Structures are given as structure tokens and as C-alpha cells.
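Participant: Next come a sequence and a model predicted from it.
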Amino acid sequence: MTETIVLRNRPRPTSLGTDMVTMIGRCTRLTSRDLDALMMALMLPIMMMVLFVYLFGGAIQTGGDYVTYVSPGVLLLCTVWGAAQTGVGVANDMSTGIIDRFRSMDVSGAVLLGGHVTASVIKNVVSTVVVIAVALLIGFRPEASLLQWLAAGGILVTFILAMSWLSAVVGLLTKSTDAAASFAFIMMFLPYVSSAFVPIDTLPGWLQGVARHQPSTPIIESVRGFLLDRPVGDNPWIALTWSVGILVVSVTLAAVFFQTKTD
Amino acid sequence: MAYELAIEATGLRKSYGDVQVLKGVDVNVPRGSVFALLGPNGSGKTTTVRILSTLTSLDAGRARVAGFDVVKERRKVRRAITLTGQYAAIDKNQTGEENLRMMGRLTGLSRAEAQERATQLLARFDLTDAGGRRLATYSGGMARRLDLAASLVGAPSVVFLDEPTTGLDPRSRLALWGVIADLAANGLTIFLTTQYLEEADRLADRVALLDGGTIVAEGTPTQLKERVAGQRLDLELVDRTALEDVLMLLGERVVTKDLDLLTIGVTTDGSANQVRAVLDEADPQRNRITKFQVHSATLDDVFLALTGHPTPAPEVERVKETVGD
């Protein structure tokens, strides 16, 4: 009995890589088992799609089939919302004993947050595929080449990554799952004030300025342009600049705050 | 490794805002011994553990754990210790086995070693049948066992246990005591905090009593118990006059009194002879004392005897919670 309780051979020091793989495995497992959140991540896109296309669609004039106009918008809405949930898991870790265990095991903050962010990106790529499937089912007819699909996907994944990191920082700072969930809810309004659901020209003048200068618009214009094979202009570059900017700021904040939170 | 003291701390000070949680704590724990820090809520036990396990910075003082400085050599300390806090540090949505495997990987075991170690620990902690179930389905006692198992996946030389049995039923508590004794028998150094005198008594080679951020007494359990006697005799008196008279008669042996309930508590060793002698001495006419009861000395008794005041209200605990303890 006394032999098994203590491990005689001291384990080797861990590498950042194995720690990361372990943490990603953990977060993916936890994400896939949080049934409420998973159902929501899959149901919300479907409900949104149906809501916009069948309920509002009749009244909104965008010059052409509304399902074609709005599908990329719903896609963005769902990625924003899904990615912004990342902080809930982080806040949960921060507010329970597990953060002390990880820290006393010398697991770095980058590994912990990176695990959550990666699991979030995986989950949201899956739900993005679901949204596209539903959109195709109800009449969305994209005209994109493979390259354009990849470009649209790249823009969305970069944004998911940036938004996940931002949300992770919120979770880190607030240490409250409620606060992190509220952040996701607020972020969900971002795409509404953009060209996601209605053309910007139809917004009140003062809102048009906001709509044109927030990240949702260039992202949605890029994705829509790529998928419908229309000119995208500078939008992909502006979109990427936004995503990379949010990413850099979030990662920096995460590094700074994880350090102070540990003391 | 060439160190005599597994834990060596001098003058630890820590304040949160205006509240001084630790006011100069000295702790020395020889290698391979079990040390218990005994104190009520808010006395600074958790803060002491967090400083020694590198989770909380200190305002003043110095501490070395497993031969390394907790500030300058934080990473080395972390590789030598393990911490089990008051709240289970395991994932509810992973199975017991998955939790252990994860900890194994994070400790530096290979995939196969982590699996083997998980199986071993599940067996040792009597959790083999529950290993494939998610933690959410575990009872409090099972979760606590798995939590402790998770902390032992690696090869720690110093084990910190912050109130390991608080909130456990008596059976689970006994099982955990067995595990802790087993760890000690394997030569690990154990630093545990507790609110229970009995726990410190059963497990520890040395006990320190922490009150309001300072250590008010330290010694072997026997030494400490001698200072507070082991038992308390509670007497219930017929009226206030009788109470005053008995107080006069027994003098310094009285450790508690309640003027409203007309009770006084007297230290005793609990033997029939001594109880009879006290009763006779306090009530020769047999008309003052209506009832008596003998209790094991509680932490309150220890406190009263050693500090002259009852255990303080947990004021500091609230402050600590708001800053993340």
C-alpha cells in the first residue's frame, strides 16, 4: 500500500508544448461536455437564420434574395457570440480551486488561456459549418471558388481567434462566469450595428459612422464579397487589421493581468 | 538534497488593504515531519499556506521551502511541492481518471506513465469503480479523495493541505487521516492547516496555534494539550449567588463563564476522581450545582487558555475573500 501512494521517480520537467496539448485536450473535453452551452451554440445559429430569413426577411429590402444577403451576417453573429463565450470557462477556472492547483504546478498562464482559446476556436468552427449547412438548406446560394471559401474562412477564423482571446481576458479579469456571459451577450449586438442584416445606408446618419468604423462591417463585407463572388475592396485587409489588433491587445493584456493575478 | 528544514519561514507579514492578516509568522518544519497550523477562520492559515506555496506574495519576511526561496526560486519550489486547497481543484466534467491523467501529463509523466499512475492512485484511494465517472457524480468525500490523489500524481517532497477535512463526514475524515499518515510514513513533509484540535493531535508531530496573524503557541500536541488540559467540565449553577461563590472557589481553573445561562467551565483531565473532587470542592453542601457535563477541549478552550480571549469573529476571512482568497 505504501508503495503506490508516492511516486519514486521524479518526473521530467514538462515542455510548453506538452502542457499546451494537455490543456487543449482538457478544454475541448470540457467544452464538448457542457451540453447547455453546446446546444445553445448549435441552436442559436439555426434560430437566428430562421428568424431573419422567414420573419424579418419579408420586410427587409436589400436588392436581391434576403437569405443570400443575411446568411453571412448570421454567420458573423454566431461566431461573435460563440467566441465571446470563451471567458466563461476561463472565469470558471479562475473562481475555483483549479487555478491554484495549476499555478502551484507551474502551468503557465499562456497554456491555460491558450487551451481555452483553442477549444473555443474548434467549437466555433464547428458551429460555423452548421450555420453554413442550414443556410444552404434554406436557399443560400454562394458563388465562391474554393479560394474564396478559404479566404472567407480565414477572415472568420482570425476573428474568432481574436474575439476568443478578448473574451478570455474578460474572464481572467472579472473571475465571474456571469460577467463573462454578459460580455458575450453585449458583443452579440456588435453585428447588428453593421451591414450584417441591413445595408448601412438604411441606418440613421449618426449610426452610419459607427457602423462603418467597427470591425463587424469590414468582416461581413469581406465574407459576403468572397462568398457571393463580388468585389471586396480593402475590406479583407481592414478586417484582418482589426482582428490582429484585437489579438495583440488581448494577448498582451492577458500576459500582464495573469501575472498580477498570480500575486 | 541538502536541507534540514523543509519549510523555514521567518517574519512573514501580509496585509490586504488596512487589514494585517499576518503580523510576523515564523515557521520551521523539519524534513519528513507533519506540521499542523491550527487556528479559527480568519486567523491567517490560508494566507500562510498560499505564501509558502508561492501563490501569494509576501510584504515582509523570508521563506524557503524544500531548500528554495519562495520568491526568488518560485519555479523550483513549485516543482517540489503540491497543494490541496479548501476547494476541490478538479474538473467536474472530467472523469476521475481523466483528471488524474491530465495532472500526470502536466507534471511531466509520459502518456503511458500518466495512465499507469492514474490507475494506481484510483486503487489506492478506493476510487477504481468511480474512475470512469464524471466528478459531478461524486460525493463530497470522494471528490476530496480524488483531489488529494490528483495532488500526489507527481513526486512532491512537501505536501500542503489547507483544511483537508473541513466539511467531511466522520468516515471520510478518518479515511483521509489514513492517507495523510501514509504519506508521512513515506517520508514526505506535510504542512496542514486545520480548525480541529483532534486532527492536529492525531496527525502532527508539531502544532502551531495561529491567532490574529501571529503564532501564539507551538509545541508537540501533548505539550499543547497539557497547557489547556484535555477536557472541560461544564457546571450549571442554581442561581447567580451560587455562580459567584463557585467562581471565587475555583479561581483560575475557570476557563468559561456565562452569567445568563449560569454556567461555568473548568479545566480537567476528565478522570472520575478529578471530576468528583471538583464537584465536591465547588459544592460541598450539594445545593449549588444542578448539572454537569464533560467535553473534550475544543479549539475555543485552547484559545481561551492561551490567548485569554475567545476565538475571534471571522472578520479577516471576509476581507480575504474579496481579494481572491
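Facilitator: In hand now; what should we look at?

Participant: ok, now which ones touch whatever residue of the stretch 101-250 of chain B ends up closest to chain A?
Facilitator: Relative to chain A, the nearest point of the stretch 101-250 of chain B is B:G108 (3.4 Å; Cβ to the nearest Cβ). The C-beta positions use only the backbone N, C-alpha and C, and glycine is treated the same way. Shown in contact with B:G108 (Cβ atoms under 8 Å, 6 or more residues apart in numbering or on different chains): A:11-14, B:154.

Participant: Could you list the residues of the stretch 51-200 of chain A in contact with chain B?
Facilitator: Neighbours of chain B within the stretch 51-200 of chain A, by Cβ under 8 Å from any Cβ of the partner chain: A:96-98, A:100-107, A:175.

Participant: which of those residues sit farthest apart?
Facilitator: A:D106 and A:K175 (20.7 Å; Cβ to Cβ).

Participant: list the contacts for the most centrally placed residue in chain A?
Facilitator: By Cα atoms, centre = their mean, chain A has its centre lying nearest to A:A83, at 2.2 Å. Residues near A:A83 by Cβ under 8 Å, 6+ apart: A:120-121, A:124, A:159-161, A:163-164, A:167.

Participant: In terms of pLDDT, where does it sit?
Facilitator: Turning to A:A83, the model gives it a pLDDT of 89.

Participant: What is the burial count for the closest residue to it other than its chain neighbours?
Facilitator: What sits nearest to A:A83 in space, not counting adjacent residues and going by Cβ to Cβ, 6 or more residues apart in numbering or on different chains, is A:M163, at 3.7 Å. Look at A:M163: counted by other Cβ atoms under 10 Å in any protein chain shown, it has 30 neighbours.

Participant: Ok, the one 3 residues further on next?
Facilitator: A total of 24 residues lie near A:L166 under the criterion other Cβ under 10 Å.

Participant: pretty sure it is touching A:V251, no?
Facilitator: No - counting by Cβ atoms under 8 Å, A:L166 does not reach A:V251; the two are 9.7 Å apart.

Participant: spatially speaking, which residue is in the middle of chain B?
Facilitator: Residue closest to the average C-alpha location in chain B (Cα atoms, centre = their mean): B:T194, at 1.4 Å.

Participant: how deep is B:D260 tucked in, by neighbour count?
Facilitator: Neighbours of B:D260 (other Cβ under 10 Å): 6.

Participant: in what helix or strand does it lie?
Facilitator: B:D260 belongs to no helix or strand when assigned by DSSP states H and E.

Participant: which non-adjacent residue is nearest the residue of the stretch 101-250 of chain B closest to chain A?
Facilitator: Residue nearest to B:G108 in three dimensions, not counting chain neighbours: A:P11, with 3.4 Å by Cβ to Cβ, 6+ apart.

Participant: now do B:T193
Facilitator: Spatial nearest neighbour of B:T193, excluding adjacent residues (Cβ to Cβ, 6+ apart): B:K45 at 3.9 Å.

Participant: my guess is the one you found contacts B:A36, does it?
Facilitator: No - in this structure, B:K45 is not within contact of B:A36 by Cβ under 8 Å, at 9.9 Å.

Participant: Mind listing the shared neighbours of these two?
Facilitator: B:T193.

Participant: Output the longest helix belonging to chain B.
Facilitator: Using DSSP state H, we find that the single longest helix of chain B is helix B:170-185.

Participant: Could you tell me which other helices and strands that helix packs against?
Facilitator: helix A:2-5, helix B:140-151, strand B:189-194, helix B:197-203 (3 or more Cβ pairs under 8 Å, 6 or more residues apart in numbering or on different chains; DSSP states H and E).

Participant: what's the angle from the third one to helix B:170-185?
Facilitator: Computed with axes from the mean of the first three to the mean of the last three Cα atoms, to 10 degrees, the direction of strand B:189-194 lies at 150 degrees from that of helix B:170-185.

Participant: Would you check the distance separating strand B:189-194 from the middle of the chain?
Facilitator: 7 Å (Cα atoms, centre = their mean, to the nearest Å).

Participant: what is the rounded mean pLDDT of that strand?
Facilitator: On average, the pLDDT along strand B:189-194 is 94.

Participant: That'll do, ta.
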